[in-house]
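Colleague: here you go, sequence then predicted model.
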Amino acid sequence: MFTHLHLHTQFSLLDGACRLGNLVARAKELGMTSLAITDHGNMYGAVDFYRECKNNGIKPIIGCEVYVAPRTRFDKDKVLDKEYNHLILLVKNETGYKNLIKMVSLAYTEGFYFKPRIDRDLLEKYSEGLVCLSACLAGKIPQLLLQRDYEGAKREALWYASVFGDGNFYLGGVLDGLKRIHDDTGLPLVATNDVHYVNKEDAEIQQVLICIATNKTLGEDTGLEFESDNFYLKSEKEMREIFADVPDAVENTQLIADMCNFDFEFGKTKLPYFETPGNMDHFEYFKQLCFKGLEKRYGKNVPAEYAKRLEYELETVNKMGYTDYYLIVQDFVRFAKSREIPVGPGRGSGAGSLAAYCIGITDLDPMKYDLIFERFLNPERVSMPDFDIDFCSETTAWRRL
């Protein structure tokens, strides 16, 4: 079987022209059992793609074609760092998914310069659980080959192979230089087509997107023209014909597809991990904050009913698994107040939580006003609680950051 492992959907904004419904329907029509998504620099479409594939009996492979900075992601010189290279990363398991979303996020928050960029440092740190492909002609290895730097391309390929480990790096494409590297090093080849549209006749639609992206009209030089109309979802037969001289490259697509076994888990709340001091037990840390805050709010002679109410709330929060939620909200409210950014005193059902009042999330005394905790968190109604937090919108307040 053959699997497309280099594919751009509508979420490769103003570049990919594959609508998810049409894409997956066509893949199913062609008898494909698995399919990958590798949008440029983002993972916006991963969940929708996953669901569309699952609904049609096709195995979804989550990935991304990332942009790699020429030096580091922090270097942003208008001459030295304007160029970048492409690299395909595919998720094998949950560890790989976490590593990929970490890199893609950092590409935006730390590496953005013309494009969201990662670098070698991130690749070395977050390579576990991922399969790497050398990408299209914009990849570093193909670029070096086009510059007639074979030795440089081979060194680059061997570096990627060392980073991702045996069986996790593949040379993708049809360049003769890639076959030579394969012959010299034993690094495996994989058949890819860099899909940007579903059907061959959709090539013009994709070109229209490019024109919109570059503010050009059809017929003008955009600098991003595709040299042919062959970037469509080819059948297995067509791909076998293209790679007839290296049939293993086609077989390797299925080998990679078999390695990639990541599933999203829906219906379960997943909160960010909260780091406690000294890796202290999260609930014990939360409990300490609450009782410390209880004394701060009401003095050393705390009424017994208040302590009893707090114990009840703590038990409920812990039982329902929302300890980290309280800690996370408390953390960003504390941060805002420490920077003198005005924060609302409390609004909605969250104001009924004594625990929230004790740790500074709210500033309305729920005991004084007989506010009901169960309106916020009720063991009989299993739903995510929601603190309504108001921050000052004046930009002068945020300058204190």
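Modeller: Yep, that arrived. Residues are numbered from 1 along each chain as shown.
Colleague: going forward, measure contacts and count neighbours with C-alpha atoms only.
Modeller: Noted.
Colleague: direction included, what does the strand ranked longest in the chain pair up with?
Modeller: Selection of the longest strand in the chain by residue count, based on DSSP state E, yields strand 59-68. Applying DSSP bridges, strand 59-68 is found paired with strand 34-40 (parallel), strand 85-91 (antiparallel), strand 117-118 (parallel).
Colleague: so where's the stretch 251-400 of the chain shaky on pLDDT?
Modeller: When residues are selected by pLDDT under 70, those of the stretch 251-400 of the chain lie in 395-400.
Colleague: quick one: the helices in it?
Modeller: 282-298, 304-320, 323-338, 354-358, 395-398 (DSSP state H, counting those that start in this stretch).
Colleague: buried deepest among those, which one?
Modeller: Among the helices of the stretch 251-400 of the chain, helix 354-358 has the highest mean neighbour count (mean count of other CA atoms under 10 Å), at a mean of 26.
Colleague: ok, the residue nearest to residue 59 when sequence neighbours are not counted - how many residues close by?
Modeller: Residue nearest to residue 59 in three dimensions, not counting chain neighbours: residue 34, with 4.3 Å by CA to CA, 6 or more residues apart in numbering. By other CA atoms under 10 Å, 24 other residues sit near residue 34.
Colleague: can you check residue 165 too?
Modeller: For residue 165, using other CA under 10 Å, the count is 15.
Colleague: distance of it from residue 270?
Modeller: For residue 165, the distance to residue 270 (CA to CA, to the nearest Å) stands at 30 Å.
Colleague: quick check: residue 261 touching residue 93?
Modeller: Yes - Residue 261 is within contact range of residue 93, at 5.6 Å (criterion: CA atoms under 8 Å).
Colleague: all strands for the stretch 151-300 of the chain, in order.
Modeller: Secondary structure of the stretch 151-300 of the chain (DSSP state E, counting those that start in this stretch): strands located at 169-172, 189-190.
Colleague: skipping adjacent residues, who's closest to the most centrally placed residue in the chain in space?
Modeller: Nearest residue to the geometric centre of the chain (CA atoms, centre = their mean): residue 101, 3.0 Å. Once flanking residues are discounted, residue 101 sits nearest to residue 43: 7.8 Å by CA to CA, 6+ apart.
Colleague: can you tell me the SS state at that neighbour?
Modeller: Per DSSP: H, G, I helix; E, B strand; the rest coil, the local secondary structure of residue 43 is coil.
Colleague: state the pLDDT value of residue 184.
Modeller: pLDDT recorded at residue 184 is 96.
Colleague: cool, thanks, talk later.
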